[in-house]
Structures are given as structure tokens and as C-alpha cells.
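Colleague: Sequence first, predicted coordinates after that:
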Amino acid sequence: MKFTDKTNSHRTFTKDGYLVVPATLSKIGVYDYHAKELGLNEDGFKKVARTEQSLFSDSTIQSFDGVPITLGHPADDVTAKNWKTLAVGTVRNVKRDGDMLAGEAWIYDENAIKAIQDSGIQELSCGYRCDVQKSTQPTADYEMLPMVGNHVAIVANGRCGKSVKLADGEKPMSTTRKFLDALLSVFGTKLTDEQAKEVEEKEKAEDGKEKPESDNKTPESKAKEKPTTEEPEKETKEKASVKDEALTAEIAQLKAENQKLKDEKAKADVESVRATTLADAKVSFANVTFADNATVQDIQRQAVVATGIFTQDEAAKLSDAELNGAYKAAKATAKKLNDKAIGDVLLTDHKPENTGLDFNTYNQQGAK
């Protein structure tokens with residue numbers, strides 16, 4: 001699955017900076033699912049039909065309207081307990097559009113918006129639950145009953161590739177491919193078509209070595225097969241090695257870039273805490289002058305010393321945790337002192353005037 005627009009022409013931003021993108025969520029058709037995905041205790045793949053009754057039932061459409069959007073599929077369903085951690089947006093205005101289930105993807109998270117805009121991540125994959133039953137269609141083994149949507153994930157590869165937008169994950173991919181897609185999606189990118197093909201072919205070749213000949217080839221294909229020489233095999237291995245090295249180097253570069261982004265975020269978080277502490281200290285300790293570039297520890301230490309809780313030397317020996325506790329105590333002390341000062345001012349401001357009579361003066365005036 002993927003966003004419906006192949007350029008940025010249909011993408012809009014709200015006044016608050018949220019990204020709104022027309023999205024295709026799913027499509028009717030017959031798709032390959034591994035037997036174990038269907039809860040079957042067997043190997044191999046099954047053809048599963050997603051029918052009009054399954055995809056366009058009122059209950060299916062209603063269940064997808066308002067589901068959260070996640071970056072990649074979470075290990076568990078999205079619930080009220082983990083929504084805040086996992087969600088980067090929501091799906092709105094879900095409806096039928098021909099043979100597709102369409103809607104709008106509202107992306108709220110800044111990093112997710114950047115991944116979509118700059119890194120080309122644009123495929124979607126639905127997370128849902130549904131029952132299946134034996135299919136009445138000759139082209140399918142099973143067919144889905146109405147679906148219950150849980151979330152829609154932004155992924156590197158949807159089950160139907162780049163042209164459509166469907167359920168959870170692409171047509172069965174190799175373990176290596178799944179691992180690399182999951183890894184690279186964290187860095188906001190994905191395997192190119194050429195790289196994906198190389199990985200798939202390499203794993204198929206390795207699987208072929210592990211399985212007996214009879215498991216992989218028909219008698220006809222064996223008869224037609226020409227014997228291979230050691231030289232071409234050696235050449236193929238060398239080419240694969242070079243490609244593996246290039247892919248490893250690319251992954252290492254992406255890891256480095258991701259670490260750089262993490263470091264920048266950590267630095268921004270530290271600055272945010274420092275600025276908040278400075279603003280708080282200036283309000284709580286109005287008579288103390290704090291440097292605008294002071295660190296959190298410097299600010300807290302200065303406040304603690306100014307309140308008289310510790311001396312300069314004593315405060316310098318406190319751990320960060322002890323200093324933080326002392327700062328809170330200093331704030332409480334400063335507030336009490338400030339409240340007392342306010343009380344004194346109120347009392348003196350409302351001191352009653354002397355309204356007593358001077359009887360001597362009064363009598364003298366009366367005698368006149």
C-alpha cells in the first residue's frame with residue numbers, strides 16, 4: 001500500500017504544520033499468505049481472496065476510520081496504553097473508491113513528515129484482524145470475512161508493492177529482506193528494487209544449497225539443466241561479495257546518520273531543560289541574577305547558595321540528584337520568604353489611622 005499521489009502535488013499542510021495526504025488503504029484481489037499467517041499448522045503459501053463483502057462492508061469501513069498511523073508495524077495492536085508511544089497520525093474519511101479502500105492520512109509527527117517528504121517513504125500497510133473461510137472462488141484457497149482495522153503502518157514495502165495499497169506486509173519476502181527492510185525503515189529509507197532483488201536471489205541460492213535437489217526442481221527442469229563449471233560459480237560469488245560489501249557500507253552510513261540525528265535531538269532536549277530551569281529560577285529567585293548561558297547545575301547551585309541551604313563549597317560537592325533535591329527545597333524556602341514579605345506589606349499598607357480626639361485642643365476651640 002502507498003499514498004495515492006506519486007508527487008507532492010496533492011499533499012497539503014494545515015496551518016499547524018500537519019501533513020494531509022490522500023491514501024489508498026487496501027484493494028480487493030487474491031494475495032499470497034503464508035499458511036502460518038492464517039493459523040494453519042503447515043508450510044507453504046495459500047491464496048487468500050479479499051472480496052467486496054470483506055473490504056467494503058460498513059463494519060470494515062467504520063473500523064478503519066480514525067485508526068492511528070504508525071511508523072512500521074508494532075509488535076502488538078495499538079491500544080490506549082501504547083497509542084501515545086506508537087502513533088504518528090491518524091486515518092480519516094475512509095470510503096470506497098472503485099475496487100480500493102481509500103482515505104486521508106493525517107501525519108502529525110515531525111519526524112514522520114520528514115521521512116515522507118525527504119526520504120521517499122510512502123507505502124502503507126494495514127494492521128487488522130479478520131477471520132477467513134474456505135473460498136468459493138476457484139482462484140483462491142480462502143477468503144476473508146469483514147476486517148476490523150487496528151492501525152495503518154508506514155512501511156518500506158506493502159504487500160501489493162508500489163502500485164496498490166493493501167494489507168499487512170508485501171507478498172512473502174525472505175527473512176534477510178524482512179530484516180533489512182525493518183532496519184532501513186528506522187533510518188527513513190528502504191532497499192532499492194535492485195538491492196531487494198539481489199538479497200532475494202542470494203537467499204534463494206542459499207536455500208537451494210540447503211534443500212535436496214528433488215525439493216526444488218522438477219524432473220523436466222533437471223533434464224534441461226546444464227552442468228555448471230567452477231569458474232562461473234566463483235565469479236558469481238565474487239560479484240555477490242562486492243554487492244554485499246556495498247550494501248554493508250550503505251547500512252553503516254545510514255546508522256551513522258541516524259546516530260547524528262539522535263545526538264542532535266539529545267542536545268536539543270538538554271537545551272530545552274536548561275531554558276525551562278532558567279525561566280523557573282528567575283521567577284522563583286527574583287533577587288538573584290542568573291547568567292543566560294548558565295547550565296542547569298550552575299543555575300541550581302546558585303539558587304541553593306543564595307537561599308543559604310548550602311555554602312558554595314558544599315553545593316559544589318553535591319551530585320546531580322542531590323543538587324536537584326536541594327534546588328526544590330530552595331524554591332520552597334524562597335516561596336515561604338516571599339509569602340511572608342507579601343504579608344508584611346499588606347499589614348503595613350492597611351494600618352488604621354489614628355482617629356482619637358485631642359480633647360485639649362477640642363476644649364480650647366470650644367471655649368472660643
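Modeller: Perfect, I can see it now. Numbering: from 1, shown residues only.
Colleague: those strands in the stretch 51-200 of the chain, which residues are they?
Modeller: Using DSSP state E, counting those that start in this stretch, the strands of the stretch 51-200 of the chain run over 68-71, 87-97, 100-107, 123-129, 132-134, 142-144, 148-155.
Colleague: elements contacting the second one?
Modeller: Counting contacts by 3 or more C-beta pairs under 8 Å, 6 or more residues apart in numbering; DSSP states H and E, strand 87-97 is packed against strand 19-27, helix 58-64, strand 68-71, strand 100-107, helix 110-118, strand 148-155. Glycine gets a C-beta too; all of them are placed from N, C-alpha and C.
Colleague: Can you give me the buried ones in the first one?
Modeller: To tie it back to what came earlier, the one meant is strand 19-27. Going by neighbour count (16 or more other C-beta atoms under 10 Å), the buried part of strand 19-27 is L19, V20, V21, P22, A23, T24, L25, S26, K27.
Colleague: S284 reaches A332, doesn't it?
Modeller: No - S284 is beyond contact range of A332, at 9.4 Å (criterion: C-beta atoms under 8 Å).
Colleague: Which neighbours do those two have in common?
Modeller: Here S284 and A332 have no joint contacts, going by C-beta atoms under 8 Å, 6 or more residues apart in numbering.
Colleague: These two: which is more packed in?
Modeller: S284 (18 against 12; other C-beta atoms under 10 Å).
Colleague: How much space separates the more buried one from E271?
Modeller: 20 Å (C-beta to C-beta, to the nearest Å).
Colleague: Ok, G103 next?
Modeller: Distance of G103 to E271, computed by C-beta to C-beta: 38 Å.
Colleague: R301 versus D118, what's the distance?
Modeller: 42 Å.
Colleague: who has more neighbours, the two?
Modeller: More crowded of D118 and R301, by other C-beta under 10 Å: R301, with 22 against 10.
Colleague: Are we agreed that the more buried one is in a helix?
Modeller: Yes - counting by DSSP: H, G, I helix; E, B strand; the rest coil, R301 is located in a helix.
Colleague: isn't it right next to A316, touching?
Modeller: Yes - in this structure, R301 is within contact of A316 by C-beta under 8 Å, at 7.1 Å.
Colleague: residue ranges of the helices in the protein, please?
Modeller: Taking DSSP state H, the helices of the chain run over residues 52-55, 58-64, 83-86, 110-118, 175-186, 193-210, 213-216, 219-224, 230-284, 296-307, 312-316, 320-349, 359-367.
Colleague: Mind telling me which of these the model trusts least?
Modeller: Between the helices of the chain, the lowest average pLDDT goes to helix 213-216, which shows a mean of 44.
Colleague: any idea how far C130 is from I69?
Modeller: In this view, C130 and I69 are 20 Å apart by C-beta to C-beta.
Colleague: meant to ask about V78
Modeller: 10 Å.
Colleague: Find the residues that touch each one of these two.
Modeller: With contacts taken as C-beta under 8 Å, 6+ apart, the residues that reach both V78 and I69 are A87, H151.
Colleague: Pick out the shakiest of the strands of the stretch 51-200 of the chain, pLDDT-wise.
Modeller: strand 123-129 - the lowest mean pLDDT of the strands of the stretch 51-200 of the chain, at a mean of 83.
Colleague: got the buried residues for it?
Modeller: Buried residues in strand 123-129, counted by 16+ other C-beta under 10 Å: E123, L124, S125, C126, G127, Y128.
Colleague: Looking at the strands of the stretch 51-200 of the chain, which is nearest to T289?
Modeller: Checking the strands of the stretch 51-200 of the chain against T289 by C-beta to C-beta gives strand 87-97 as the closest, at 42.8 Å.
Colleague: Neighbouring strands of that closest one in the sheet, and parallel or not?
Modeller: strand 68-71 (antiparallel), strand 100-107 (antiparallel) (DSSP bridges).
Colleague: Redo these as a markdown table? Include mean neighbour count and distance to Q259.
Modeller: A markdown table is the format used below for the strands paired with strand 87-97 (neighbours: other C-beta atoms under 10 Å; distance: least, C-beta to C-beta, whole Å):
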| stretch | mean neighbour count | distance to Q259 |
| --- | --- | --- |
| strand 68-71 | 23 | 18 |
| strand 100-107 | 22 | 24 |
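Colleague: mind checking how far N111 is from A256?
Modeller: 18 Å.
Colleague: So the two - more neighbours on which side?
Modeller: Set side by side, N111 and A256 give different neighbour counts by other C-beta under 10 Å, the larger being at N111 (13 against 10).
Colleague: mind listing what the more buried one touches?
Modeller: Taking C-beta under 8 Å, 6+ apart, one finds V88 in contact with N111.
Colleague: This completes my enquiry, with thanks.
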